[in-house]
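A.B. asks: just a sequence and a predicted model for now, questions to come.
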Amino acid sequence: MSTHTYSAVDARVDGGSLRAGVWQPAGADGPVPTVLAIHGITATHLAWTCLVEQLPGVRVVAPDLRGRGRSNALPPPYGMARHADDAAALLAHVGADRAVVVGHSMGAFAAMVLAHRHPERVSALVLADGGLPLALPPGLDADAAMAATLGPAADRLSMTFPDRAEYQEFWRVHPAFAGCWSDAVAAYFDYDLEPAGSGFRSSARPGAMMGDQRELFTGASLLPALDALTTPTVFLRAPRGLLDAAPLYEPEHVARWAARLPALRVTDVPDVNHYTIVMTPPGAAAVAREVVGAVARATPPATPRPPTSAISAVKVPAIRHHEPGSTATRTQPEAPRRRGAPGMAGIDKVVGSAAEAVADVFDGASVAVGGFGLSGNPVALIEALLARGTGGLRVVSNNCGVDDWGLGRLLGAGRLAKMTASYVGENKEFERQFLAGELEVELTPQGTLAEKLRAGGSGIAAFFTPTGVGTQVAEGGLPRRYDGAGGVAVASAPKEVRSFALGGRVREFVLEEAITTDFALVHAIRGDRHGNLVFNKAARNFSPLAAMAARVCVAQVEELVEPGALDPDEVHLPGVYVHRVVIVGPDVEKRIEKRTVREPATAGQREG
């Protein structure tokens, strides 16, 4: 059964009508989030069919860009600014105030400019192998580079095919689609054709391609958009290019742009080329994970409702809650007074189970996890995530557990896409995945990691520290992902280093950016219904900091007490940082990472 129903719409734009496909979630009976999908330089909106199937519950709107598909009668000029304005008009036509925008190839460039020219329309950007200026090969100017990169595509637009089957066969044996042909791919190429004399040709206009391609290298509208970029953006790189060989973007080129753009996050999608990153199920699944994450971040999370048995139906005033990384507050209804807690007003944050507490942790979410070694691991919450099947997680924690415990359980099940940590020993599977290119790893000095989390929760964007100066931490080149064959696929980018006088001595300091996450999971020995928490010894390490940095913090507690039972001086983490509390009881399993015991004393030693 299809996840969506499809229809075509025509939106009024400058010079005529822009054709677009709209996929509405099947059975939707209320408002649903909208994703705007913008295709590549010679493509059409049917390039997104595989992605749509990966986005149940999301409306997908995708245009045929000016000069392509059923929009090929629209007149020039072309260019990224023109496409951005057309896209904004399409969003208005379908009644979408804001959308997550995903762009592929040239469509990613148009998406970037859309976010600059119409920021009120764009909540987040997902760029699939496009959107960053292409590197000029040594010795080539922009014209020569365009001919080298897009020449085969330009040649195809001038070709005429005797029938549809011949066009299908042209693409069936193309290096990019060898071994991955499907009905969806066939339907895409069939839609692209239009009659030409006694035969057929691609519907993309050569003039449209020529008018757009220069901006892929030196766009007048693209560079200002990059300089002003504040929209949360993820760039998904394909390791192989248009001919299933050399990539369109080398890792070093992308890393340089990532170092310049704080709003940009880069992820490699394994085993895809420039086409299959969106036009096959494996590639589309990777794109969908990022799109789903962006949609969830753009949608305010629902606040857990207090148990109906614990509240009385009365109207109460509003109270304010902390937003991580901001000095602002948000308003939420205050829960009525609980029975059994006379005189204590506030929100009851207790939820019924660990599964309920993590039910909205989406694929691709960033998650900060408290604890130190195996102390303070939120095991019940981790197991609930494992049972739920959530994957593609980007985890921030001091370490990644051991092979069969803590975060090691998620790792072993292949649920982690990236790990930011200070210590990664004690876990053989971690080593295997990292060296095999299956896991991205960002190694961070321990104190720096703690401060990055604290800064994120305190609204501090970045800070300078002497730790890491003179090493690859500051100079770049630290492997973040291997290629599986012993080579480095992605390395860390250089960081800014500046000199400051401190304590009468001038020293060099490296700039470190704060960390904020979508969720945090922590374990506390004791907590109350308002979310005030007490941690036990080493379990306190990283836990308050992880909670501060997250948009939504979930805490599992061994003992639940009533509000007011905790002495304010013993509270390690105020409830303003905690959104959900789960009771796990004092018998929750705890493990010792390395058990060390003394040798038994001999009789002589005892007597002495």
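C.D. replies: Happy to help now that I have it.
A.B. asks: for Ala110, give me phi and psi.
C.D. replies: phi -60, psi -40 (degrees, to the nearest 10).
A.B. asks: that one touches Leu65, doesn't it?
C.D. replies: Yes - assessed by CB atoms under 8 Å, Ala110 is found in contact with Leu65 at 7.2 Å. From N, CA and C alone the C-beta is placed, and that goes for glycine too.
A.B. asks: list residues touching both of the two?
C.D. replies: Common contact partners of Ala110 and Leu65 (CB atoms under 8 Å, 6 or more residues apart in numbering): Ile38, His83.
A.B. asks: now the particular helix or strand that has Ala37 in it: average pLDDT?
C.D. replies: Remark: Ala37 resides in strand 34-38, with elements defined by DSSP states H and E. In this model, strand 34-38 carries a mean pLDDT of 97.
A.B. asks: relative to that strand, what are the paired strands and their orientations?
C.D. replies: The strands beside strand 34-38 in its sheet (DSSP bridges) come out as strand 59-63 (parallel), strand 99-104 (parallel).
A.B. asks: which of those sits most buried?
C.D. replies: Highest mean neighbour count of the strands paired with strand 34-38: strand 99-104, a mean of 30 (counted as mean count of other CB atoms under 10 Å).
A.B. asks: for that one, which outside residues touch it?
C.D. replies: 33-40, 43, 47, 51, 61, 87, 91, 109-112, 114-115, 121-131, 277-278, 287, 291, 294-295, 298.
A.B. asks: show the buried residues in those residues.
C.D. replies: In the contacts of strand 99-104, burial by neighbour count holds for 33-40, 43, 47, 51, 61, 87, 91, 109-112, 114-115, 121-131, 277-278, 287, 291, 294-295, counting by 16 or more other CB atoms under 10 Å.
A.B. asks: which ones among these lie within strands?
C.D. replies: Using DSSP state E, the members of the buried ones among the contacts of strand 99-104 that fall within strands are 34-38, 61, 122-128.
A.B. asks: what's Leu521 sitting at in phi/psi?
C.D. replies: Torsion angles, degrees, to the nearest 10, at Leu521: phi -120, psi 130.
A.B. asks: do the same with Val369
C.D. replies: Dihedral angles (degrees, to the nearest 10) for Val369: phi -120, psi 130.
A.B. asks: next, the contact list for it, please.
C.D. replies: Counted by CB under 8 Å, 6+ apart, Val369 has contacts Asn377, Pro378, Ile382, Val395, Val396, Ser397, Leu407, Ala520, Leu521, Val522, Ala546.
A.B. asks: cool, Pro206 as well?
C.D. replies: Applying CB under 8 Å, 6+ apart, the residues near Pro206 are Ala154, Leu157, Ser158.
A.B. asks: now the second one. Nearest residue, chain neighbours left out?
C.D. replies: So that's Leu157. Pro206 (4.7 Å; CB to CB, 6 or more residues apart in numbering).
A.B. asks: and the one you found, what pLDDT?
C.D. replies: Reported pLDDT for Pro206: 89.
A.B. asks: the lengthiest helix in the chain vs strand 99-104, what angle?
C.D. replies: Using DSSP state H to define each element, the chain has its longest helix at helix 281-298. If you take axes from the mean of the first three to the mean of the last three CA atoms, to 10 degrees, helix 281-298 sits at 150 degrees to strand 99-104.
A.B. asks: buried residues in helix 281-298, which are they?
C.D. replies: In helix 281-298, counting by 16+ other CB under 10 Å, buried: 281, 283-297.
A.B. asks: how about low-confidence regions in the stretch 251-400 of the chain?
C.D. replies: 299-346 (pLDDT under 70).
A.B. asks: could you list every residue that touches Arg598?
C.D. replies: Counting by CB under 8 Å, 6+ apart, Arg598 has no contacts.
A.B. asks: and the gap between it and Lys537?
C.D. replies: 21 Å (CB to CB, to the nearest Å).
A.B. asks: likewise Val584?
C.D. replies: 18 Å.
A.B. asks: compare the two (neighbour count), which wins?
C.D. replies: Val584 (20 against 10; other CB atoms under 10 Å).
A.B. asks: ok, for Ala153, nearest residue in space, not its chain neighbours?
C.D. replies: That would be Thr42: by CB to CB, 6+ apart, it lies 5.4 Å from Ala153.
A.B. asks: okay, that neighbour: pLDDT?
C.D. replies: Thr42 is given a pLDDT of 93.
A.B. asks: over to Met419?
C.D. replies: With respect to pLDDT, Met419 has a value of 92.
A.B. asks: circling back to that earlier point, out of the contacts of Pro206, list just those in helices.
C.D. replies: Using DSSP H, the contacts of Pro206 in helices are Ala154, Leu157.
A.B. asks: what is the nearest of the contacts of Pro206 to Val506?
C.D. replies: Distance to Val506, by CB to CB, is smallest for Ala154 among the contacts of Pro206, at 56.5 Å.
A.B. asks: what about the stretch 501-608 of the chain, any weak spots by pLDDT?
C.D. replies: Looking at the stretch 501-608 of the chain by pLDDT under 70, you get 590-595, 601-608.
A.B. asks: gap between Gly230 and Ala110?
C.D. replies: No Gly there; residue 230 is Thr. Taking CB to CB, one finds Thr230 at 18 Å from Ala110.
A.B. asks: thinking again about what came up before, the strands paired with strand 34-38: which one's closest to Leu261?
C.D. replies: Short answer: strand 99-104, nearest of these by CB to CB, at 15.7 Å.
A.B. asks: contacts only, for the residue nearest to Ala153.
C.D. replies: By CB under 8 Å, 6+ apart, the neighbours of Thr42 are Arg68, Ala153, Arg156, Leu157, Ser202, Ala204, Met209.
A.B. asks: hmm, 10 Å instead?
C.D. replies: 65, 67-69, 105-106, 150, 153-154, 156-157, 192, 202-206, 208-209, 212 (CB atoms under 10 Å, 6 or more residues apart in numbering).
A.B. asks: where does Met70 land on pLDDT?
C.D. replies: Not Met; residue 70 is Arg. On the pLDDT scale, Arg70 gets 97.
A.B. asks: ditto for Glu426
C.D. replies: 73.
A.B. asks: report how many residues lie close to it.
C.D. replies: Neighbour tally, Glu426, other CB under 10 Å: 17.
A.B. asks: excluding chain neighbours, what is closest to it?
C.D. replies: In space, Glu426 is closest to Val402, 5.2 Å off (CB to CB, 6+ apart).
A.B. asks: wait, Leu74 touches Ala89, no?
C.D. replies: No - taking CB atoms under 10 Å as the definition, Leu74 is not a contact partner of Ala89, at 11.6 Å.
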